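Colleague: Quick one, structure for this:
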Amino acid sequence: MNGTDNKPTTMQTTQKYILLGIFTLIPLWLTFALIDLLLSFILGLAQPFLVWITAGIHPADSLWYPIVKNTWLQTAMALILVFLVLYGVGWLASVYLGRKVLGYVDKVMNRIPFVKSIYKAIKGLTDAVQTKPSEAERVVMIEFPSPDMKTIGLVTRTFKDSNTGRELAAVYVPTTPNPTSGYLEIVPVDKLVPTNWKMDEAMSFIISGGTDIPPNFVYDRPPIKKPEPPETL
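Modeller: As a prediction, the model looks like this:
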């Protein structure tokens, strides 16, 4: 048999490199698409402030108008404005007067029909993300969707069974590659497998479809050490 029979044809080589190029560019394209979407969202939020700040500059001003209306400059200004607003709100939430104001805002939001349900749910989720639940780690593994399979979950809160007193955990199971959708599972705390992962490691693992694996991967719960029998004299 001729040794050249197994040599790929020109069409096969072309298809190979095209597919390789596609899979190389997809992560870059998606990353830049998400960044562009985020920047567009921030620019939209800051647009009223930018219009107010640049209200005194008119098209007749041939020197400053093209500079101020430049898209990149406006995006940079929007980022700075949003950063300052977030910093200001964060500082306000840390002082006594700010907490009183935010408490009043909570009361107002909780009195508006329909809105209060959405606001309470979202605020509860954001509060849960900021505080580590007691008796459990944040990032865990649970048996899902069957006992012989496990998945990554995020513990949002721990509580007790009213009848038995057993410790339970509310575990959010994000989906791949979009972690904003998922499932809510109620799992006994003694069934949780701690991972010791940071939140960004868990998100990277989920979004990448399991290709970006943290260096420390634990699948099973550590064995419970049995107490040693007392020494006999």
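
Colleague: ok, the residue nearest the centre of the chain - contacts?
Modeller: The residue lying closest to the centre of the chain (C-alpha atoms, centre = their mean) is Met203, at 6.2 Å. Residues near Met203 by C-beta atoms under 8 Å, 6 or more residues apart in numbering: Pro179. Every residue, glycine included, has its C-beta placed from N, CA and C.

Colleague: Please name the residues that touch Tyr104.
Modeller: Here Tyr104 is in contact with no residue (C-beta under 8 Å, 6+ apart).

Colleague: Distance check, it against Leu184.
Modeller: 31 Å (C-beta to C-beta, to the nearest Å).

Colleague: give me the number of residues near the nearest residue to Gly209 once chain neighbours are set aside?
Modeller: Nearest residue to Gly209 in three dimensions, chain neighbours excluded: Thr176, at 5.2 Å (C-beta to C-beta, 6 or more residues apart in numbering). By other C-beta atoms under 10 Å, the residues close to Thr176 number 14.

Colleague: Please work out the average pLDDT along the longest helix seen in the chain.
Modeller: In the chain, assigned by DSSP state H, the helix with the most residues is helix 10-53. Helix 10-53 carries an average pLDDT of 77.

Colleague: now stretch 186-205
Modeller: On average, stretch 186-205 scores 88.

Colleague: Mind exporting the C-alpha coordinates of it to CSV?
Modeller: C-alpha atoms of stretch 186-205 as CSV (Å, rounded to 0.1, in the frame of the first residue of the first chain):
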residue,chain,number,x,y,z
ILE,A,186,-33.0,22.0,49.3
VAL,A,187,-30.1,19.8,50.5
PRO,A,188,-29.2,18.5,54.0
VAL,A,189,-26.0,20.2,55.2
ASP,A,190,-24.5,16.8,55.9
LYS,A,191,-24.9,15.9,52.2
LEU,A,192,-22.9,18.9,51.0
VAL,A,193,-19.4,18.3,49.7
PRO,A,194,-17.2,21.3,50.4
THR,A,195,-14.9,22.4,47.6
ASN,A,196,-12.8,25.2,49.1
TRP,A,197,-13.3,27.0,45.8
LYS,A,198,-13.5,30.8,45.4
MET,A,199,-16.6,32.2,43.7
ASP,A,200,-14.6,33.2,40.6
GLU,A,201,-13.2,29.7,40.3
ALA,A,202,-16.6,28.2,40.4
MET,A,203,-18.0,30.7,37.8
SER,A,204,-15.1,30.0,35.5
PHE,A,205,-15.6,26.2,35.8
